[in-house]
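[1] model this:
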Amino acid sequence: MTTRHLLTLVAAILAAGAVAEEPRADPFPTTKGNPDAEATVVVYNEKDDESRELARFYMEQRRIPKRNMIGLTTGVAEDISRDDYERTIAEPIRRAFTANFWWKLRDPESPLGPVESNKIRYLALIRGVPLRITGAVGYPGDKIFGEPPLGTRSDAAVDSELAALGLFNRVISGALNNPYYRSFTPIADFRHPELMLVCRLDGPSSGTVKRMITDSIATEREGLTGFAYIDARGLPDGPYKEGDDWLNAIAASTRRRGIPVVLDNGPDLFPEAYPMRQAALYYGWYTDNVTGPFTRPGFKFARGAVAVHIHSFSGVTVRDPQKAWVAPLLYSGAAATVGNVFEPYLTLTVHLDTFQDRLSAGFTFGEAAYMAQRILSWQTTCVGDPLYRPYAGAAFGEVKPDAGEWAEYRTGAKLWFGKDPASGAAALQSAARKLRSGVIYEGLGLLELTRNDPAAAIAAFQQARQLYKNPEDAARAAIHEIIQLRGSKRGEEALALTRKLIAANPRASFSPMLRTFDPPPATPVPIPAAPAKPAAAAR
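    Numbers count the residues shown, from 1 in each chain. From the prediction side, this is the model:
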């Protein structure tokens with residue numbers, strides 16, 4: 001059976017969903033200082049010198065207390081056996097929590113659970129700590145959790161297994177319900193002290209990890225700006241429609257929050273030649289290894305970008321920049337992503353609509369990622385700074401930046417949705433003229449498409465194309481324009497623009513995509529002559 005067919009819904013888990021917490025007006029703790037840093041423990045591998053150095057770098061950057069560090073002596077490979085996980089990761093961390101009085105334990109048989117209180121709510125695993133726990137047979141204390149295949153699986157992501165560390169559970173088969181699923185409460189206030197939010201600062205190199213850390217902190221200070229690129233598949237129904245529903249919901253919600261959205265709702269992925277630039281958000285599916293614009297030399301996400309590609313094995317490695325999706329997205333400049341280390345089944349992956357919603361509301365990457373997962377002790381790895389808040393001031397209406405073309409676009413887009421499209425369009429046009437902004441005009445064109453006004457969209461894309469100084473940005477606006485011209489039965493105009501741009505940019509990286517709008521005429525295939533009839537035989 002193919003991976004694509006394995007990524008299916010698991011109905012049994014739906015019946016055991018967690019109860020969501022009530023929303024709060026203020027999703028941030030009000031204590032002085034940095035309570036998130038105080039509540040974070042950093043875990044590194046003593047066998048990896050870079051792991052120790054990265055741990056220290058992260059703690060300095062986030063001002064995490066020096067005492068909040070655990071050095072493990074464990075394997076350096078990404079895979080680890082269940083026995084070695086328990087011996088070299090789980091048990092040493094439990095001992096450290098007890099020795100440092102980070103948690104207070106009850107009697108193991110207490111019906112209230114083994115953890116009475118916990119000062120630590122985040123674990124940050126540093127590059128060098130293993131990623132995947134391989135399956136085990138005959139593990140002491142294990143029992144089948146339910147029907148196969150879900151109930152018989154004992155492989156898991158180290159991250160997801162450690163999130164349930166406080167349960168002291170010897171049953172390794174199957175998965176555990178996540179009480180934090182769909183919550184809207186900061187983890188500091190969440191009444192499940194046994195739960196910890198486990199993310200890893202990992203990637204293709206230590207330089208990548210340092211860049212992820214510094215990008216996250218800089219983005220919190222200055223704001224996350226750029227386009228949202230959403231690559232759905234246009235599925236009308238069927239068992240995979242849930243994934244498309246997530247992506248379309250993200251497109252709708254990010255538009256309303258004032259982020260320009262490029263939505264591809266066709267069966268194919270963004271092609272390699274598509275001039276994707278200024279990408280602050282990317283959500284898409286479905287292919288096994290990285291493809292499209294991300295494979296182009298020099299492609300880079302916007303600083304602080306969040307990028308996720310749904311695939312059964314998107315996180316099978318987080319260190320090979322040519323394999324799967326997690327490592328390549330980080331290598332291309334993303335600051336945070338999530339993935340799957342083994343087959344998870346679609347509904348048991350991170351629900352990306354909830355994930356993006358919680359990020360947009362101002363929660364940390366760790367909070368948003370775990371609010372979006374139905375279960376723990378499963379296959380999800382969350383790769384990024386667990387304390388990263390891409391929209392740090394969102395809860396107080398202080399989205400950054402508060403000036404410039406991205407801020408002006410956000411203001412106009414919110415007017416579009418909050419009052420009416422005409423008022424929003426007028427505000428956007430005024431701001432675009434004032435700032436001579438291709439970004440605002442392109443964003444306006446994308447909004448016009450949502451109300452099915454191709455003529456207005458074409459006019460906006462044309463203005464964007466003329467104002468953009470970067471050739472790739474101008475080409476992207478032109479591609480939008482050409483597609484709408486073709487769809488509006490203005491084929492001659494579309495062809496003329498296509499040929500003009502190809503002539504001006506014959507060797508540009510985006511030229512192959514433009515050429516798809518002007519394919520060469522098919523060479524006529526000669527019709528072979530009928531074979532001659534055989535001559536009459538001589539008599």
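
[2] so what's the closest residue to Pro108 other than its chain neighbours up against?
    Nearest residue to Pro108, sequence neighbours excluded (Cβ to Cβ, 6 or more residues apart in numbering): Pro114, at 5.6 Å. From N, CA and C alone the C-beta is placed, and that goes for glycine too. Pro114 is in contact with Leu105, Arg106, Pro108, Gly166, Leu167, Phe168, Glu194, counting by Cβ atoms under 8 Å, 6 or more residues apart in numbering.

[3] mind checking the SS state of the residue nearest to the fourth one when sequence neighbours are not counted?
    Once flanking residues are discounted, Gly166 sits nearest to Glu194: 3.3 Å by Cβ to Cβ, 6+ apart. Local secondary structure at Glu194 is given as coil here, using DSSP: H, G, I helix; E, B strand; the rest coil.

[4] residues near the nearest residue to Ala232 once chain neighbours are set aside, how many?
    Leaving out its chain neighbours, the residue that sits closest to Ala232 by Cβ to Cβ, 6+ apart is Leu247, at 4.2 Å. Using other Cβ atoms under 10 Å, Leu247 has 25 other residues around it.

[5] just the helices in the stretch 251-400 of the chain please.
    Remark: helices assigned in the stretch 251-400 of the chain by DSSP state H, counting those that start in this stretch are 326-331, 352-360, 365-371.

[6] hey, which of these is tucked in deepest?
    Among these, helix 365-371 has the highest mean neighbour count (mean count of other Cβ atoms under 10 Å), at a mean of 29.

[7] helices and strands around that one, which ones?
    The contact analysis (3 or more Cβ pairs under 8 Å, 6 or more residues apart in numbering; DSSP states H and E) places helix 365-371 against strand 197-201, helix 352-360, strand 380-383.

[8] and the contacts of it?
    For helix 365-371, contacts defined as Cβ under 8 Å, 6+ apart pick out 122, 163, 178, 180-184, 186-187, 195, 197-199, 216, 306, 336, 338, 350, 354-356, 358-359, 363, 380, 382, 384-390.

[9] where does Leu162 land in three-state SS?
    Here Leu162 is helix, with the state taken from three-state DSSP.

[10] give me the beta-bridge partners of the closest residue to it other than its chain neighbours?
    Setting aside the residues directly before and after it, Leu162 is nearest to Val198 in space (Cβ to Cβ, 6+ apart), at 4.6 Å. Beta-bridge pairing for Val198 (DSSP bridges): Leu123.

[11] for Val129, grab phi and psi.
    Phi and psi for Val129, reported as degrees, to the nearest 10, are phi -80, psi 130.

[12] equivalent analysis for Glu194, please.
    phi -70, psi -20.

[13] just to check, it is in contact with Ile120?
    No. In this structure, Glu194 is not within contact of Ile120 by Cβ atoms under 8 Å, at 11.3 Å.

[14] columns pLDDT on top of the contacts of Pro114, output as a markdown table?
    Formatted as a markdown table, those follow (pLDDT from 0 to 100):
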| residue | pLDDT |
| --- | --- |
| Leu105 | 96 |
| Arg106 | 94 |
| Pro108 | 82 |
| Gly166 | 96 |
| Leu167 | 94 |
| Phe168 | 94 |
| Glu194 | 96 |
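
[15] select only the buried ones of these in ChimeraX?
    Of these, the buried ones can be selected in ChimeraX as follows, counting by 16 or more other Cβ atoms under 10 Å:
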select :105,166,167,194
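
[16] the residue nearest to Leu162 and Ala369, how far apart?
    Val198 is 9 Å from Ala369, where distance means Cβ to Cβ, to the nearest Å.

[17] again with Asp155
    Distance from Asp155 to Ala369, by Cβ to Cβ: 20 Å.

[18] domain assignment for the protein?
    Domain assignment for the chain, taken from automatic domain parsing, gives 7-24+33-395, 405-511.

[19] from the chain's centroid, how far away is the shortest one?
    Going back to what we said before, that points to domain 405-511. Domain 405-511 has its average C-alpha position 26 Å from the chain's average C-alpha position, going by Cα atoms, centre = their mean, to the nearest Å.

[20] returning to that earlier point: as a markdown table, the domains of the chain with distance to Pro521 would be great.
    Shown next, in a markdown table, are the domains of the chain (distance: least, Cβ to Cβ, whole Å):
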| stretch | distance to Pro521 |
| --- | --- |
| domain 7-24+33-395 | 21 |
| domain 405-511 | 13 |
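
[21] out of the ones you listed, which is closest to Pro520?
    For the domains of the chain, the distance to Pro520 is smallest for domain 405-511, at 11.9 Å, taking Cβ to Cβ.

[22] can you get me a residue count around the nearest residue to Gly362 once chain neighbours are set aside?
    Using Cβ to Cβ, 6+ apart and skipping the chain neighbours, the partner closest in space to Gly362 is Ala394 (3.7 Å). Using other Cβ under 10 Å, Ala394 has 18 neighbouring residues.

[23] quick one, what contacts the residue most central in space within the chain?
    By Cα atoms, centre = their mean, the mean C-alpha position of the chain lies nearest to Val308, the distance being 2.6 Å. Listed by Cβ under 8 Å, 6+ apart, the contact set of Val308 reads Tyr282, Tyr283, Gly284, Ser314, Leu329, Thr337, Val338, Gly339, Val350, Leu352, Phe355.
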